[in-house]
Every structure is written in C-alpha cells, then in structure tokens.
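Enquirer: fold the following for me, if possible:
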Amino acid sequence: LHSVFGPSSSGWEFCAICERSAVTINDKENRRITRFLAICVALATGVTCPALSAASATGLAAASAVDCERIYQAPGHGTWFYEENPTYFDTRNETGALPSATPEKYGLNTKRLQKGVAKLRESGRSFSVIVVMNGEVILEEYLNESGRNHSNNIHSASKSIMSTLVGIAIDRGDIQSIDQRLSEFLPEYFSETDSEHKHSLTIRHLLTMSAGFDWRHDPVSGTEIEIQEKPDWVDAILSLPIIDPPGEKFFYNTGLTHLMSAVVSRATGMSTCGFAHTFLLEPIGITAEHWGRDPQGVYSGGYNFYITPREMATFGQLILNGGSLNGRQLVSREWVNEATQSQYEPSPDDNGSWWTGDRYGHGYNWWLLRMKGHVVVTAWGWGGQMIYIIPDLNTVVVITQATNDAQAVAEDPVNHDFVRDFVLQ
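Expert: The predicted structure follows:
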C-alpha cells in the first residue's frame, strides 16, 4: 500500500480513497475488492470508515454473529436436494416477540375460531395455527404433539424470504436491477457457445418463475432428484434445456430460487445464510435452526429452511408493515409493493394447475390469492406451510403441517378453508 500511496499515507487516507473508488467504480468485482481492502486497512490500523458502517463493514463484522456452519451442520442434515424434514427445537423464549389480544377485540369470535382449529386438528397433519391482527396474536394453537419451540422445514414458503433478500440487496446497491443478467454474477457458468436464451436470463426471470427451463417438479422423482446427483447444482440447473423463451411463461421451478441464492451470495460477497441473518432475520429476532446447502456451499434457495411458526408470523408482519418492524426499515416499501403485485394473472378457470400459474396470481415469489373479495399475499410451502397476509384487514395467518413422511403428504384445502371460513367472516 505504501508503494502506491507513499510511506506517509495513513490508514484513514487509504480507507477514504478506497471508499470513493467503491462508489465510482462501475465494475462490480473491483468495487467489492476496494471495499474489502478498505475494511482490511481499517481493521489493521484501528481506523473507522464512516461510509462503510452501513454497508460492507457492517456486513463483514456482523456476519460473524451467526454461525452458519453450525446451522447447516445441525443433526439430521442431508446432502440431497430435499432433506428428510426432521423437527428441530428453538431454545430461545419468544413469548415477547408479539403481544397478545383476544379475538373479540377485533370483532372475531373465540368459539368460532376454535371450530376452525378443530377442523385443522382433524386433518391429522396440522402442526400449528397463529392469527395476528394489528400486530397482536389473537390465536395461537399447536396441534398433534407440536409446540411453540418446534422448528420445521417451511419448504417453499422460504422462497418469499429469498425474494425479500433480493430486495435488500438492491436497496444496499449490491444488485443494481432485477434486469441484470445472471452471467454478470455467475460468469463461469456461461460460454460463447451457449444459446441466446441462456445468455438473456435475468434476475427477473428467477423471481417470476419464467426462465423457460425444462423442469419436472416432484419432490420424489422430479428434476431436483437428478440434480442432486451432480457435483455442481448451479451448473446442473443452468445446463437444463430452455424450452420456452425467458419471460414468456410462468412455470414453477425450485431450481430458479436456488440460482437466486447463488446470485445473492455472489453479489453481496457473503453466504446467503450470513447475508439473510445479518440484514433480515436477526434484526427481527429470527435465527434458522437449520438451512441446507449444495456441494459448492450455496445455501438452499427456497427449500430446506427451518424456523418456528412464531418466526414465520414475525416475517409476515414485516411484509404487512411494508418492510419495517420495531422501527427499522429492513427492506424498502417500494420493493415490498412491487414484489407482491401479480406478474402472472390466474385464468378464469379456477381448476387450472397452480404449477403453471393458472389458478393463482404470482408476484416475485409470492402467491396472490383472492378470498371473499380480499387480496391475500401468500408464502406457500410444500405440504401446507403457509403465511397468509391480508393487507386490508391488517392480518397475518400462519398454518404449518407435518411433512416428515413425504409419501403421505397431499395438498389439501384445509388451510385455505380455515382462512376463508373462520378468519374472513
């Protein structure tokens, strides 16, 4: 450093030079390098760089507060695409995370709600139901031997968390636009001989499930099972045939949210687990009990993610509030509004397949339902892991179900029925 800036240059001077460069350099990789060098010099010399405190320096320092290796290595973790869905246990006391109130305070009837709970219990697979109105818990029940501290796989409901991480990365400047091409972040997976369709892939195509890949979604025998046999899952996904022009059609594809995780990690210079806990989860009191990852260390994008029902409700409240909670704006309101607008409208035929977007609208990894005239923004996980957000009623509903026996899981309407028949009176 002295050979470049002179033997009398101070750490503060070099820090300032690097930070100015980080703002003005257009090349993303060099911008990250200059920020990293500034942090190293600041740490080595004891100098504080104010401009780094809200971005890279905070991220690098705060990331160590969460042990993502421990989270991944939780007992029962697997090396396959979909794990066996054990139950973990959250040892923290979360009773104060959300205040409580009676249903009657907000015009609902306790006996009627309990009838809905009884129907959930009768399904034999329901684990929990929480209803939050105006930020207060008016119903919280744990069923079929589950409990408040039980942390289970929320499956694809975590895709909505991945979407929120993209919004945070954009707010911070790590990602400039959802129209940036994937090749900007993952250049090693692209070559001159690749198709024009592959080179045109953008973050938007991942968020809207419209990349056009040939994908068979099945947790037992789908494309995911073929990918888990490959040494590099990101490469395996990007090597799939593209059968529809990107952006033309919605088709549900968990591989796309895994690519999203790889992009977030590359753009931020942090693991997706570290970035998520530092800038989203820990600030609202959430720590994952387990988070899977692929052979290259990319954390599972939209699957193999374990938190408690109360933590799901807290995340739902954050989105209901337009990205803020407890006085902190963690993701911009503009992003939340954009992400929860339907990019693909359902067809008039309500019997259409939800895999192709015919039955429900879909935003940026959020499902958009309509129940009794209300728009219901929904994070939807396989087997019935649900976060229903009803903006005009200022309400969040969380329902979870057992998925430890994959062969026994069936998508049934019991969760939707509870919301429609017992919450939306």
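
Enquirer: use CA for all of it now, contacts and neighbours both
Expert: OK.

Enquirer: for the stretch 301-425 of the chain, just list every one of the strands.
Expert: Ranges of strands in the stretch 301-425 of the chain, per DSSP state E, counting those that start in this stretch, are 305-307, 324-325, 328-329, 361-362, 367-371, 374-381, 385-390, 395-401.

Enquirer: the first one: how far from the chain's middle?
Expert: Counting by Cα atoms, centre = their mean, to the nearest Å, strand 305-307 is centred 11 Å from the centre of its parent chain.

Enquirer: make 814 the first number, not 1, from now on.
Expert: With the count now opening at 814, the last piece we talked about shows up as strand 1118-1120.

Enquirer: mind giving me the packing neighbours of it?
Expert: Judged by 3 or more Cα pairs under 8 Å, 6 or more residues apart in numbering; DSSP states H and E, strand 1118-1120 is in contact with strand 963-966, strand 1103-1104.

Enquirer: tell me which of those sits nearest to residue 1156.
Expert: strand 963-966 (27.0 Å; Cα to Cα).

Enquirer: would you turn the strands of the stretch 1114-1238 of the chain into a markdown table with distance to residue 1098?
Expert: A markdown table is the format used below for the strands of the stretch 1114-1238 of the chain (distance: least, Cα to Cα, whole Å):
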| stretch | distance to residue 1098 |
| --- | --- |
| strand 1118-1120 | 11 |
| strand 1137-1138 | 10 |
| strand 1141-1142 | 12 |
| strand 1174-1175 | 28 |
| strand 1180-1184 | 25 |
| strand 1187-1194 | 19 |
| strand 1198-1203 | 17 |
| strand 1208-1214 | 17 |
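
Enquirer: hmm, back to that, looking at the helices and strands packed on strand 1118-1120, which is closest to residue 1228?
Expert: Using Cα to Cα, the helices and strands packed on strand 1118-1120 put strand 963-966 closest to residue 1228, at 16.9 Å.

Enquirer: how about residues contacting the closest one?
Expert: For strand 963-966, the surrounding residues in contact (Cα atoms under 8 Å, 6 or more residues apart in numbering) are 898-903, 1102, 1116-1122.

Enquirer: now the element after it, going C-ward?
Expert: Next helix or strand after strand 963-966 toward the C-terminus (DSSP states H and E): helix 971-985.

Enquirer: what residues does that following helix touch?
Expert: Applying Cα under 8 Å, 6+ apart, the external contacts of helix 971-985 come out as 868, 988-990, 1020, 1070, 1073-1074, 1077, 1080-1081, 1089, 1092-1093, 1114-1116, 1118, 1143-1145, 1148-1149, 1152, 1177-1179, 1192, 1194.

Enquirer: got the angle for that helix vs strand 1187-1194?
Expert: Taking axes from the mean of the first three to the mean of the last three Cα atoms, to 10 degrees, one finds helix 971-985 and strand 1187-1194 inclined to each other by 100 degrees.

Enquirer: what element comes up after helix 971-985 heading to the C-terminus?
Expert: In the C-terminal direction, the helix or strand that comes right after helix 971-985 (DSSP H and E) is helix 995-998.

Enquirer: hey, C-alpha coordinates of that following helix in PDB?
Expert: Taking Å, rounded to 0.1, in the frame of the first residue of the first chain, the C-alpha atoms of helix 995-998 are listed here in PDB:
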ATOM      1  CA  LEU A 995     -27.200 -13.900 -14.500                       C
ATOM      2  CA  SER A 996     -24.000 -14.000 -16.500                       C
ATOM      3  CA  GLU A 997     -22.900 -10.800 -14.700                       C
ATOM      4  CA  PHE A 998     -22.800 -12.600 -11.400                       C
END
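
Enquirer: and after it, which helix or strand comes next?
Expert: helix 1009-1012.

Enquirer: same question for that next one, mean pLDDT?
Expert: The average pLDDT for helix 1009-1012 rounds to 97.

Enquirer: follow-up on the earlier one: give the buried subset of the contacts of strand 963-966 as a ChimeraX selection command.
Expert: To isolate the buried subset of those in ChimeraX, counting by 16 or more other Cα atoms under 10 Å, use the following:
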select :898,899,900,901,903,1102,1116,1117,1118,1119,1120,1121,1122
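
Enquirer: shaky segments in the stretch 1114-1238 of the chain?
Expert: The stretch 1114-1238 of the chain contains residues with pLDDT under 70 at 1158-1172, 1218-1225.
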